[in-house]
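K.L.:
quick check, what structure comes out for this input:
(one chain, ligands or ions: 1)
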Amino acid sequence: MAVVPYKDQNNNKKSQVAQMFDNISGKYDFLNHFLSAGIDIIWRKKAISLLESQKPKLILDIATGTADFAIEALRINPEKITGVDISEGMLAVGREKLAKKGLSNKIELQYGDSENLPFEDNSFDAITVAFGVRNFENLAKGLAEMNRVLKPGGTAVVLEFSKPRMFPMKQLYHFYFKNILPVVGKFVSKDNAAYTYLPESVQAFPDGQDFISIFEEVGFKNTKWHSLTFGISSIYTGRK
Ligand SMILES: C[S@@+](CC[C@H](N)C(=O)[O-])C[C@H]1O[C@@H](n2cnc3c(N)ncnc32)[C@H](O)[C@@H]1O
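P.N.:
Residues are numbered from 1 along each chain as shown. Have a look, this model is predicted:
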């Protein structure tokens with residue numbers, strides 16, 4: 001059974017996820033940085049730095065949301081970044097941010113589903129996804145699509161929450177994720193389900209070696225897994 005945000009609805013995970021991110025889009029950036037105490041910024045920097053030596057010209061940022069990961073990727077000086085997402089609400093916040101920063105010519109945001117990407121085979125030098133893959137309805141299909149649109153020799157970088165397994169971080173993390181994050185998230189975002197779905201979806205996600213196995217099954221090679229901040233997040237990289 002897929003973990004979905006709105007358990008009383010019977011539409012599929014993809015439409016529920018899009019609806020949820022539409023609902024919270026106005027508060028998403030604030031809650032992201034507040035609830036992670038800004039650590040997400042460090043994780044994003046670390047993930048993008050893994051692409052630096054390859055100097056990718058064309059980057060696709062999947063599940064781009066409000067474009068924070070795409071903006072971070074500008075640091076490595078690509079010619080162009082395309083960001084895709086299934087939430088028009090998140091894309092609207094992202095477009096406004098890019099316009100304010102004068103970055104709309106470097107980063108283009110468009111509607112796009114990770115499981116059916118609107119691009120030709122072998123189109124991008126690098127692919128990035130931050131906190132997106134956990135939300136895919138069909139993880140293997142989304143990863144296979146990433147592989148399809150990546151150029152041979154190109155690299156995919158995936159940043160995603162994972163589960164800390166060591167005492168005392170495991171216990172502290174469970175307490176925070178179960179008792180504090182949903183209460184603050186609900187209060188600020190006014191969405192009853194989004195910040196309960198977050199810990200549930202992390203719990204259900206195949207992290208670590210399990211993710212690497214699926215990543216390799218769909219065709220990625222030279223895969224690597226970097227654990228961040230006691231295992232709260234992980235970066236996975238793979239080449240085509
Ligand atoms: C937690 S947000 C991450 C946004 C951004 N990458 C960041 O780092 O802040 C997850 C995003 O994934 C998007 N998403 C979920 N499933 C998707 C899919 N199948 N295709 C494209 N985007 C998807 C959601 O709409 C949402 O904007």
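
K.L.:
can you tell me what sits against stretch 97-108?
P.N.:
Contacts of stretch 97-108 from elsewhere in the structure, counted by Cβ atoms under 8 Å, 6 or more residues apart in numbering, are 66-67, 70-71, 74, 80-83, 95, 109. C-beta here means a position set from N, CA and C on the backbone, and glycine is covered the same way.

K.L.:
which neighbouring elements make contact with the lowest-mean-pLDDT helix or strand in the chain?
P.N.:
Of all the helices and strands that make up the chain, helix 181-189 has the lowest average by mean pLDDT, DSSP states H and E, namely a mean of 86. Using 3 or more Cβ pairs under 8 Å, 6 or more residues apart in numbering; DSSP states H and E, the elements in contact with helix 181-189 are helix 13-35, helix 194-204.

K.L.:
possible to save those as CSV with mean neighbour count and distance to the ligand?
P.N.:
Compiled in CSV, the helices and strands packed on helix 181-189 are given as follows (neighbours: other Cβ atoms under 10 Å; distance: least, Cβ to the nearest ligand atom, whole Å):
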stretch, mean neighbour count, distance to the ligand
helix 13-35, 18, 4
helix 194-204, 19, 8
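
K.L.:
turn these into TSV, columns for mean pLDDT.
P.N.:
Compiled in TSV, the helices and strands packed on helix 181-189 are given as follows (pLDDT from 0 to 100):
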stretch	mean pLDDT
helix 13-35	92
helix 194-204	91
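
K.L.:
starting at the chain centroid, how far to the least confident helix or strand of the chain?
P.N.:
Helix 181-189 has its average C-alpha position 20 Å from the chain's average C-alpha position, going by Cα atoms, centre = their mean, to the nearest Å.

K.L.:
could you pull out the buried residues of it?
P.N.:
Neighbour-count burial for helix 181-189, with 16 or more other Cβ atoms under 10 Å as criterion, is recorded at 181-182, 185, 189.
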